[in-house]
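Participant: Show me the folded form of this:
(chains A and B)
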Amino acid sequence: MPRALQVLRGAAIATAFGLLAGCFTNKQNEGARLYQEHCSNCHGEQGAGLRRLIPPLAGSDYLSTNRAALPCILRKGQQGLVVVNAVEYNQVMPPHEDLTDSQITNILNFLQQSWGNKGEAYTIREVSELLGACNGSDGR
Amino acid sequence: MIHPFFRRVLLALSGTLLLASCSDNKQQATTLPYIGEHDVRARTDGGPADTIYATIPRFTLTNQEGKTVTDSTLAGKVYVTDFFFATCPSICPKMQSEMLRVYEKYKNNPRVAFLSHTIDPAHDSIPVLRDYAERLGVTNASQWQFVTAPHDTIFALARAYMTGAEADKKAAGGFAHNGTFALVDGQRHVRGLYDGMNPQEVDRLLREMPLLLAEESAKQSKP
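Facilitator: Reported below is the predicted structural model:
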C-alpha cells in the first residue's frame, strides 16, 4: 500500500511538472511562435524585411520612435508611406483582428527583444490602453 | 596491421562513398519530365506515333515598362513563372524573396527569363508593377517581367502553369493563390513545378535548371 502511494505521488509530481513546463514554455515562446505564424511571411524569419518592399524589424528605428503606435498598427494594419531607417516603404500591412491583446503584447515584446533590438517591454495592461486609441482592445 | 575498429570504419566509409557516387550518376543522367497530359497521335506515314506534350497556349501580356510580351519573346528561353499581386499580404513577399534567389543566380543570363503575373490586374497598373519591381531591386525589365493582362487571360494562364489562383473575398487581400513556380522550356512545355514557399523546393529548382539549359543548348545546336 505505501509503495502504491509512493508511485502515485511520484506520478502526480511528474504530471504537475509536466503541466507547469508546458505552461511556461508555451508562454515564453508565444511571441516568437505568433511572429512566425502571422508576420514572418512578409517581414522574414529573421525580421530582415524584403528589399525596399517590406520594411525590416531587425535593427529598425521605427520600433523605438513609434513604440506607442505599434499595438494599433498590429491590430488595424497600415497603409501609405512609412520611413524606416531612412528608407521609404509603401506597402499594405493587413489588420489582425484575430489576435488578443495579450498575444499582441507577446509579439511586440518578441520584436523589441530580438535580432539585436533592445526596446522597452510592454505590459498587457499598457497594450490594452494603447489599443484604446484605435478602439482596438478586446480586453483579453 | 590495421586495428579491427578502424577496419570497420574504413569499410563503412568506402560503402558510403560507393553509394554516394551511385546516386550522383543517377542525378546526372536525369532529364526533366514533361508535366501535364500527353496526347499520342498516329502518323499518316505509318511511322511511330508522335507524343504531343501539354503546351502553354500562346499569350500576349504587358510588362512593367508597358511593353508587350508574347510567347515569341520567350521562345527558346528557359523561364520561371509565378502569380502574385502587389498588395498581397500573405505569401507573396516570401515567394518573391525565393524567386529573387533564382534571379540573382541567373541575372544577365540571356537564356533565362522570369515572368511574374499579377492576379489583380484591376489594381496592379503598369506604374504599380514598375514600382513593385524597382522596390524588389529588379532593374532589368527584359529579364524579369512583371506582367498584366485581362483577368481571364491571367487565370487561364495560371491553370496552364498549374498554379492555383482565384478571387476569394475571404482570403487576405481578396485573392487565394498558391506559391507555385513553374519551370518552362523553350517550346512552352512545363518541365518542373516547385513550391515557391519552401526553400528546399527552390533549391531543387536551382539544381534542375542547368539540366534544362543543357537540353536547350543541345536542341539549338542541332540544325
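Participant: which residues touch the residue most central in space within chain A?
Facilitator: Centroid check for chain A by C-alpha atoms, centre = their mean gives residue A:107 as the closest residue, at 0.4 Å. Applying C-beta atoms under 8 Å, 6 or more residues apart in numbering or on different chains to residue A:107 gives the contacts A:31, A:34, A:35, A:38, A:39, A:74, A:99. Yep, even glycine has a C-beta here, placed from its N, CA and C like the rest.
Participant: before we move on, which element is the second one in?
Facilitator: What that stands for is residue A:34. helix A:2-38 (DSSP states H and E).
Participant: At which residues are the strands of the chain located?
Facilitator: Using chain A. A:82-84, A:87-89 (DSSP state E).
Participant: let's do chain B instead
Facilitator: Under DSSP E, chain B gives strands at B:39-41, B:50-52, B:60-62, B:68-70, B:78-84, B:112-118, B:144-147, B:165-167, B:175-177, B:180-184, B:190-195.
Participant: Write out the residues of chain A neighbouring chain B.
Facilitator: Remark: the part of chain A in contact with chain B comprises A:40-42, A:44, A:50-54, A:89-94, using C-beta under 8 Å from any C-beta of the partner chain.
Participant: The same query, at a cut-off of 7 Å, please.
Facilitator: Taking C-beta under 7 Å from any C-beta of the partner chain as the criterion, chain A approaches chain B at residues A:41, A:42, A:50, A:51, A:52, A:53, A:54, A:92, A:93, A:94.
Participant: which residues does the residue nearest to the second one when sequence neighbours are not counted contact?
Facilitator: Which is residue A:42. Spatial nearest neighbour of residue A:42, chain neighbours left out: residue B:93 (4.5 Å); criterion: C-beta to C-beta, 6 or more residues apart in numbering or on different chains. Listed by C-beta atoms under 7 Å, 6 or more residues apart in numbering or on different chains, the contact partners of residue B:93 are A:41, A:42, A:50, A:53, A:54.
Participant: where are the low-confidence patches of chain B?
Facilitator: For chain B, residues meeting the criterion pLDDT under 70 lie at B:1-29, B:223.
Participant: Contact residues of chain B facing chain A?
Facilitator: Residues of chain B lying near chain A (C-beta under 7 Å from any C-beta): B:87, B:89, B:90, B:91, B:93, B:94, B:97, B:135, B:136, B:137, B:172.
Participant: just the buried members of those residues?
Facilitator: The neighbour-count test (16 or more other C-beta atoms under 10 Å in any protein chain shown) marks B:87, B:89, B:90, B:91, B:93, B:94, B:97, B:135, B:136 as buried among the residues of chain B next to chain A.
Participant: Tell me who's in contact with the residue lying closest to the fourth one once chain neighbours are set aside.
Facilitator: Read that as residue B:91. Spatial nearest neighbour of residue B:91, chain neighbours left out: residue B:179 (5.1 Å); criterion: C-beta to C-beta, 6+ apart. Shown in contact with residue B:179 (C-beta under 7 Å, 6+ apart): B:82, B:91, B:95, B:195, B:196, B:197.
Participant: what's the closest of these to chain A?
Facilitator: Proximity of those to chain A (C-beta to the nearest C-beta) peaks at residue B:91, which lies at 5.8 Å.
Participant: Correct me if wrong: the closest one contacts residue A:40.
Facilitator: No. Residue B:91 is beyond contact range of residue A:40, at 11.2 Å (criterion: C-beta atoms under 7 Å).
Participant: thinking again about what came up before, is it possible to get JSON lines of the residues of chain A next to chain B that adds distance to residue B:57, neighbour count and pLDDT?
Facilitator: Supplementary listing: those in JSON lines, determined by distance: C-beta to C-beta, whole Å; neighbours: other C-beta atoms under 10 Å in any protein chain shown; pLDDT from 0 to 100:
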{"residue": "A:41", "distance to residue B:57": "31", "neighbour count": "22", "pLDDT": "92"}
{"residue": "A:42", "distance to residue B:57": "33", "neighbour count": "24", "pLDDT": "93"}
{"residue": "A:50", "distance to residue B:57": "32", "neighbour count": "23", "pLDDT": "95"}
{"residue": "A:51", "distance to residue B:57": "33", "neighbour count": "17", "pLDDT": "95"}
{"residue": "A:52", "distance to residue B:57": "35", "neighbour count": "16", "pLDDT": "96"}
{"residue": "A:53", "distance to residue B:57": "31", "neighbour count": "22", "pLDDT": "95"}
{"residue": "A:54", "distance to residue B:57": "34", "neighbour count": "24", "pLDDT": "95"}
{"residue": "A:92", "distance to residue B:57": "32", "neighbour count": "15", "pLDDT": "90"}
{"residue": "A:93", "distance to residue B:57": "37", "neighbour count": "19", "pLDDT": "93"}
{"residue": "A:94", "distance to residue B:57": "34", "neighbour count": "17", "pLDDT": "92"}
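Participant: Can you give me every residue that contacts the closest residue to residue B:190 other than its chain neighbours?
Facilitator: Nearest in space to residue B:190, with sequence neighbours left out and distances taken as C-beta to C-beta, 6+ apart, is residue B:35 at 4.5 Å. By C-beta under 7 Å, 6+ apart, the residues touching residue B:35 are B:162, B:190, B:191, B:193.
Participant: The first one: neighbour count?
Facilitator: When counting by other C-beta atoms under 10 Å in any protein chain shown, one arrives at 15 neighbours for residue B:162.
Participant: I am finished for the moment; much appreciated.
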